[in-house]
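In: I would like to see how this sequence folds:
(chains A and B)
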Amino acid sequence: MGGALLIRILIVEDDAHIAKLLQATLAMVQYESDWCPDGQEALAKIQGESYDLILLDVMLPGMDGFSLMEQIGQGGTPVIFLTARQDVTDKVHGLRLGAEDYIVKPFETVELLARIEVVLRRANKSKSVLRYRDITVDRQEHTVKRGGEPVSLTPKEFEVLAFFIEHQDMALTRERLLSAIWGYEFEGESRTVDIHVQQVRKKMGLKDCLVTIPKLGYRLESGDK
Amino acid sequence: MKLWQKVFFSAMALLLIAINVTAGVLIGGSYRLLLEQEWERAVSEHQYFTASVKNQILAQRLRQGEILLKTEEVSALLPSVLQNPGGHIQGMAVYFGDKQLQSTNADALSGELVDAVKEAKDSSCRTLIQDVNGVSYLMVGSTVKLEGIDYHFFTLSDISATFQALNRQLFFAQVAGILFALLIGSVLMLIVIRLFKPFHQVVDGLQTLADGDYTLRLPETGGEEFKLLSRNINTMAASVEENIGRVKALADNRKQFIDNLAHEMKTPLTSILGFADLLRVQKNVEEKKRQEYAGIILEETRRLQSLSGKLMELITTGNTELEMERVFVPDLFQEIIQTAGPILERSGMTLISKPADKTVLIDRALFKSLLYNLIDNGMKASSKGDKVCLFYRDTEEEFSVGVADQGIGMSKETIEKAAEPFYMADKSRTRKAGGAGLGLALCAEIARRHGASLNIQSELHKGSIVSVVWKKGESSDESQS
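Out: Numbering: from 1, shown residues only, chains lettered A, B, ... in the order given. All right, here's what the predicted structure looks like:
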């Protein structure tokens, strides 16, 4: 992948297993990550180094996530709260403090990545040009080229293609694609997904690489391994 | 109508009635007195007048030197003698039989009186008060014998002035009554408002209480009754506040418990779900990583299992009926050492016991699980070569069964929170050992069900003593030798 921009993410989480899970998940899409299990320590790290995003647990030893958020202040590094607390008031409190998103544990790997992607894009930190073999996707200009030749895609097909390129070698379920591209509220049929995937496959000549995985969904294979 | 208004208006009404009755009685009395005086004067003037007429007739007879004057002579003489009645007399008339002999200003004379005087056989005076054309007349009539013949004499006097004076008095009394009533009314109003002030304080205070502010205390002022009322309301508010506080603390506790429980369940779930998902969505996973992920999933699943087990225990401990029996302490300790001893030995520790020849009233299975829990805690805090001691202790006020260790001990702050559900002094260490932070909470619950309390004594780096303590004389579980 032509990742000229290196994304660095700070994980503030006191549970070692969850931290390891987050690191492994982020590594799948080539994000670099640092782990910090303690609130106080995290504050020092944030002030000392520069990160593109902070994944912040609410219940932390030393200093809880909300206090830490207040210390960081709004407008700095974007923050996503990761918490087991499901209270709506907590969620409102977190977002009011200036967090970009509020993800309740437990979460699915791809959902987490999709939401991180949204926040990074909003902060203009994600790659605007995606490349896959001879395909180039420019998010800003909203253009797709295959071998230098422009290809015409509908907006949804464009999103589907971009989502597959961002999550190569990962099995994406129809539900995941639905909620990532059509929105969380969209209760469409998975047939919609199948039709769009087939269109993308046909238009972009991805017959061999965009494979169907029985009972699971689809996967775009990078062919690196 | 409000109470103070009722009190004010009824007092006011009674006062007005009293003033009016008094004024009426006084004025009525003075009216009667005045009228009597007028009457007496009129009668005496009438008598004086008739007497002077008699005298003049008598003088004429003596002048003429006759024994009796003739009737004609008397009639002729009358006009001259009736010239000037004098005094307050304004009019007069003289009748002889039905014939009016003489009349001056006597148009108002009542026929009624004339008839009454004619019919009367004696010479006493008759009187009548009558209003004619807006003027009040007091009329007096009497029969006078002149030269053996009856003549009827009438005099009239105007007493309007007396009635006017009376009316003035009445008017004055009314005006004075109204002014007086206004004055008294304002004073009464001030007094009533002042007396009712503490009452309003109480009412306002109760309203505040009703609105949910139980911190309010009323000032204990005013009369004795109000002081008592305020004091009782304060006592009530205090007890309500206390109970509300207790309920709130309970609710907070419950919320805290549920928050903690959610956290403790979701943390392992996140790892399990996340790593399983990683294994599922990735195309290629290295063998080393696969093993690591599977290991974490297994570990976290065990943690969840332990949590759910402990949770079930905690719930059932609170609800199940205890099967109490007298257990000989050395027997109890022996059973525990048989089971737990080898486990400690495997970790290089020793379990020793210091029993006494006593019995305790316990639910054998439940109490043993409590002791296993305490031994488990002691073991986790100790290191190789340490001893964990199971003991029975008896003092004057209490007796206890407990476990002492020589392990890492606890800080003061930790001791306070140790028995709270989900509290972990060292999260990572507790979790590594498969704990959920429920052990001591469970022990405390079991102790409570036995009518005892869980006592924790500890010092950092020196060890801990955790015991179940029964107060002597408080329960039926007292030990016997």
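In: count the neighbours of B:Leu68 for me.
Out: Per other CB atoms under 10 Å in any protein chain shown, the neighbour tally for B:Leu68 reads 11. (Each C-beta comes from the backbone N, C-alpha and C, glycine too.)
In: what sits against it?
Out: B:61, B:147-148 (CB atoms under 8 Å, 6 or more residues apart in numbering or on different chains).
In: report the secondary structure state of it.
Out: Assigned by DSSP: H, G, I helix; E, B strand; the rest coil, the conformation of B:Leu68 is coil.
In: got phi/psi on it?
Out: In terms of degrees, to the nearest 10, the main-chain angles of B:Leu68 are phi -140, psi 140.
In: what lies in contact with the helix or strand where B:Asp131 lies?
Out: Assigned by DSSP states H and E, B:Asp131 belongs to strand B:126-132. With CB under 8 Å, 6+ apart as the test, strand B:126-132 has contacts from B:39, B:42-43, B:107-108, B:110, B:112-113, B:116-117, B:120, B:136-142, B:159.
In: what angle separates the next helix or strand after it from strand B:126-132?
Out: Later in the chain than strand B:126-132, the nearest helix or strand by DSSP H and E is strand B:135-146. Put simply, strand B:135-146 runs at 150 degrees to strand B:126-132, going by axes from the mean of the first three to the mean of the last three CA atoms, to 10 degrees.
In: can you list the helices and strands that the lowest-mean-pLDDT helix or strand in chain A packs against?
Out: Ranked by mean pLDDT, DSSP states H and E, the weakest helix or strand in chain A is helix A:88-96, scoring a mean of 80. Contacts defined by 3 or more CB pairs under 8 Å, 6 or more residues apart in numbering or on different chains; DSSP states H and E place helix A:88-96 against helix A:65-72, strand A:79-83, strand A:101-104.
In: hey, C-alpha coordinates of the second one in CSV?
Out: I take that to be strand A:79-83. Extracted in CSV, the C-alpha atoms of strand A:79-83 (Å, rounded to 0.1, in the frame of the first residue of the first chain):
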residue,chain,number,x,y,z
VAL,A,79,-10.3,11.5,21.0
ILE,A,80,-12.5,8.4,20.8
PHE,A,81,-13.8,7.2,24.2
LEU,A,82,-13.8,3.4,24.6
THR,A,83,-15.8,2.4,27.6
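In: pairing partners for that strand, with directions?
Out: Using DSSP bridges, the strands paired with strand A:79-83 are strand A:53-57 (parallel), strand A:101-104 (parallel).
In: hmm, back to that, mean confidence (pLDDT) on the strand holding B:Asp131, please.
Out: Across strand B:126-132, the average pLDDT comes to 84.
In: can you give me the buried ones in that strand?
Out: B:126-128 (16 or more other CB atoms under 10 Å in any protein chain shown).
In: tell me how far B:Tyr151 lies from chain A.
Out: Distance of B:Tyr151 to chain A, given as CB to the nearest CB, to the nearest Å: 120 Å.
In: you'd agree that residue is in a helix?
Out: No. B:Tyr151 sits outside any helix when classified using three-state DSSP, being strand.
In: any idea what it is bridged to?
Out: B:Val144.
In: you'd agree it is up against B:Ala93?
Out: No. Counting by CB atoms under 8 Å, B:Tyr151 stays clear of B:Ala93, with 10.7 Å between them.
In: which residues touch the closest residue to B:Lys310 other than its chain neighbours?
Out: Nearest residue to B:Lys310, sequence neighbours excluded (CB to CB, 6 or more residues apart in numbering or on different chains): B:Leu438, at 4.2 Å. For B:Leu438, the contact set (CB under 8 Å, 6+ apart) comprises B:307, B:310-311, B:314, B:421-422.
In: which of the residues you listed sits closest to chain A?
Out: Nearest to chain A out of those is B:Phe422 (CB to the nearest CB; 11.0 Å).
In: burial of the closest one, as a residue count?
Out: Neighbours of B:Phe422 using other CB under 10 Å come to 17.
In: residues contacting it?
Out: By CB under 8 Å, 6+ apart, the neighbours of B:Phe422 are B:257, B:260-261, B:263-264, B:436-438, B:441.
In: tabulate those (a markdown table), appending distance to A:Lys45, secondary structure and pLDDT.
Out: Below are the contacts of B:Phe422 laid out as a markdown table (distance: CB to CB, whole Å; DSSP: H, G, I helix; E, B strand; the rest coil; pLDDT from 0 to 100):
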| residue | distance to A:Lys45 | secondary structure | pLDDT |
| --- | --- | --- | --- |
| B:Phe257 | 33 | helix | 78 |
| B:Asn260 | 28 | helix | 77 |
| B:Leu261 | 31 | helix | 81 |
| B:His263 | 24 | helix | 78 |
| B:Glu264 | 27 | helix | 81 |
| B:Ala436 | 30 | coil | 67 |
| B:Gly437 | 28 | coil | 75 |
| B:Leu438 | 33 | coil | 78 |
| B:Ala441 | 35 | helix | 84 |
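In: many thanks, I have nothing further to ask.
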